[in-house]
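Asker: below is the structure, and that's it, no one-letter string:
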């Protein structure tokens with residue numbers, strides 16, 4: 001009887017532990033590893049999606065800071081991450097390697113557009129353009145290169161370029177192919193590039209800046225695009241082809257296309273039936289430029305965190321994101 005009673009007690013305790021663990025796992029929600037973009041706009045877009053996943057669909061999101069570029073695609077394709085946010089097609093090279101619908105191996109899938117439409121160019125301050133009415137487009141830059149030169153650039157003009165190599169901007173290649181006698185200066189981060197430009201802006205100096213929209217800097221500084229040549233893709237400009245250019249008139253001797261940005265993820269995660277509702281939400285996501293721009297301006301002007309500002313936006317725009325869940 002004692003043995004029977006002891007066995008019964010052990011079975012009861014073990015069963016209780018198993019049930020408790022199962023309940024804890026259920027209440028803990030599904031774990032999702034997401035790469036946080038390394039520019040503020042992308043971080044905001046991703047935070048909107050992550051807060052909805054956490055607060056409305058009971059996911060536990062692990063936010064991982066990881067540099068943009070081919071390494072992020074490789075890591076996601078290898079199964080290390082479940083989600084990436086706001087890819088800009090003009091900058092993205094991993095889609096044709098990893099996403100099947102773009103010719104890739106299928107180790108990453110598209111989760112649909114984010115809603116953000118991006119525009120990129122090189123910009124000069126309007127006060128400088130107004131003071132030099134003969135300046136019209138990028139073709140006139142060499143006539144003024146001395147005004148854009150620095151000690152480091154020597155006799156060449158200076159471009160405050162795309163800050164991170166992994167963004168695949170090819171600034172120096174573009175400048176050289178177009179015959180623009182400027183040096184592209186990579187400063188390592190969005191914050192460093194914008195600090196450099198804002199310093200020059202306060203001093204009312206000439207500067208040439210790589211930038212994109214939507215961006216808070218468009219509200220902080222009055223800028224004029226130089227209107228780089230219209231974008232035209234070059235099929236041989238890939239890693240597999242040794243980045244063989246197609247000559248003038250083709251990328252990267254052009255500007256960027258209008259970018260309809262998209263999110264992506266690990267197929268095994270998103271194709272799991274248990275994640276069907278989350279996948280459907282991501283497919284309906286439609287964050288507008290005006291929404292991101294408003295949040296960008298608030299983060300920049302107030303010094304508040306991205307997560308705090310996005311939470312405030314979510315609380316006051318239920319009619320927007322609820323449509324993504326229905």
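Answerer: Ah, there it is. The shown structure was predicted, so the numbers you read here are calculated from the model rather than taken from an experiment.

Asker: now the spatially most central residue of the chain. Nearest residue, chain neighbours left out?
Answerer: By Cα atoms, centre = their mean, the mean C-alpha position of the chain lies nearest to residue 42, the distance being 3.9 Å. Among residues not flanking residue 42 along the chain, residue 86 sits closest, at 4.1 Å (Cβ to Cβ, 6 or more residues apart in numbering). For every residue, glycine as well, the C-beta is placed using N, CA and C.

Asker: would you check that that neighbour makes contact with residue 263?
Answerer: Yes - counting by Cβ atoms under 8 Å, residue 86 touches residue 263, with 6.7 Å between them.

Asker: domain parsing for this protein?
Answerer: For the chain, automatic domain parsing gives the domain ranges 2-117+259-325, 119-225.

Asker: and of these, who's closest to residue 248?
Answerer: Proximity to residue 248 (Cβ to Cβ) singles out domain 119-225 among those, at 6.6 Å.

Asker: measure the closest one end to end?
Answerer: Terminal residues of domain 119-225 lie 11 Å apart, using Cα to Cα, to the nearest Å.

Asker: chain center to that domain, what's the gap?
Answerer: 21 Å (Cα atoms, centre = their mean, to the nearest Å).

Asker: what mean pLDDT does that domain have?
Answerer: Averaging pLDDT along domain 119-225 gives 96.

Asker: can you give me the strands in the stretch 51-200 of the chain?
Answerer: Shown for the stretch 51-200 of the chain, the strands assigned by DSSP state E, counting those that start in this stretch span residues 59-65, 83-87, 109-125, 157-160, 182-185.

Asker: so which of those strands is the most packed in?
Answerer: strand 83-87 (a mean of 26; mean count of other Cβ atoms under 10 Å).

Asker: out of the strands of the stretch 51-200 of the chain, which gets nearest to residue 315?
Answerer: strand 59-65 (18.1 Å).

Asker: got the angle between the closest one and strand 83-87?
Answerer: With axes from the mean of the first three to the mean of the last three Cα atoms, to 10 degrees as the basis, strand 59-65 and strand 83-87 are set at 60 degrees to each other.

Asker: before we move on, back to that, identify the contacts common to residue 86 and residue 263.
Answerer: Common neighbours of residue 86 and residue 263 (criterion: Cβ atoms under 8 Å, 6 or more residues apart in numbering): residue 114.

Asker: related to what we said a few turns ago, what helix or strand does the residue nearest to the centre of the chain sit in?
Answerer: helix 40-57 (DSSP states H and E).

Asker: what is the mean pLDDT for that helix?
Answerer: The average pLDDT within helix 40-57 is 97.

Asker: in that helix, what's buried?
Answerer: 40-53, 56 (16 or more other Cβ atoms under 10 Å).

Asker: which two in those residues are spaced the farthest apart?
Answerer: 40 and 56 (23.8 Å).

Asker: surely the residue nearest to the centre of the chain meets residue 84?
Answerer: No - using Cβ under 8 Å, residue 42 is not in contact with residue 84, being 9.4 Å away.

Asker: can you give me the helices in the stretch 201-326 of the chain?
Answerer: Assignment of helices within the stretch 201-326 of the chain using DSSP state H, counting those that start in this stretch yields the ranges 217-220, 267-270, 276-284, 289-302, 306-316, 318-325.

Asker: how distant is the one helix or strand residue 34 maps to from the center of its chain?
Answerer: Assigned by DSSP H and E, residue 34 belongs to strand 30-36. Remark: strand 30-36 is offset 16 Å from the chain centroid, using Cα atoms, centre = their mean.

Asker: which residues does that strand contact?
Answerer: With Cβ under 8 Å, 6+ apart, strand 30-36 has contacts from 43, 46, 50, 53, 58-66, 72, 75-76, 80-85, 269, 274-275.

Asker: how about the strands of the stretch 51-200 of the chain in CSV, adding distance to residue 291?
Answerer: Shown next, in CSV, are these (distance: least, Cβ to Cβ, whole Å):
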stretch, distance to residue 291
strand 59-65, 20
strand 83-87, 13
strand 109-125, 8
strand 157-160, 27
strand 182-185, 32
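
Asker: for residue 191, which of the ones you listed is the nearest?
Answerer: strand 157-160 (12.4 Å).

Asker: buried residues of stretch 209-217, list them for me.
Answerer: Result for stretch 209-217 [16+ other Cβ under 10 Å]: buried residues 209, 210, 211, 212, 213, 214, 215, 216, 217.

Asker: what's the answer for stretch 260-272, then?
Answerer: 261, 262, 263, 264, 265, 266, 267, 269, 270.

Asker: separation between the spatially closest residue to the last one that is not a sequence neighbour and residue 112?
Answerer: With sequence-adjacent residues excluded and distances taken as Cβ to Cβ, 6+ apart, residue 270 is closest to residue 279, at 4.8 Å. Distance, residue 279 to residue 112, by Cβ to Cβ, to the nearest Å: 9 Å.

Asker: the closest residue to residue 219 other than its chain neighbours: neighbour count?
Answerer: Once flanking residues are discounted, residue 219 sits nearest to residue 297: 5.6 Å by Cβ to Cβ, 6+ apart. Close neighbours of residue 297, defined as other Cβ atoms under 10 Å, add up to 18.
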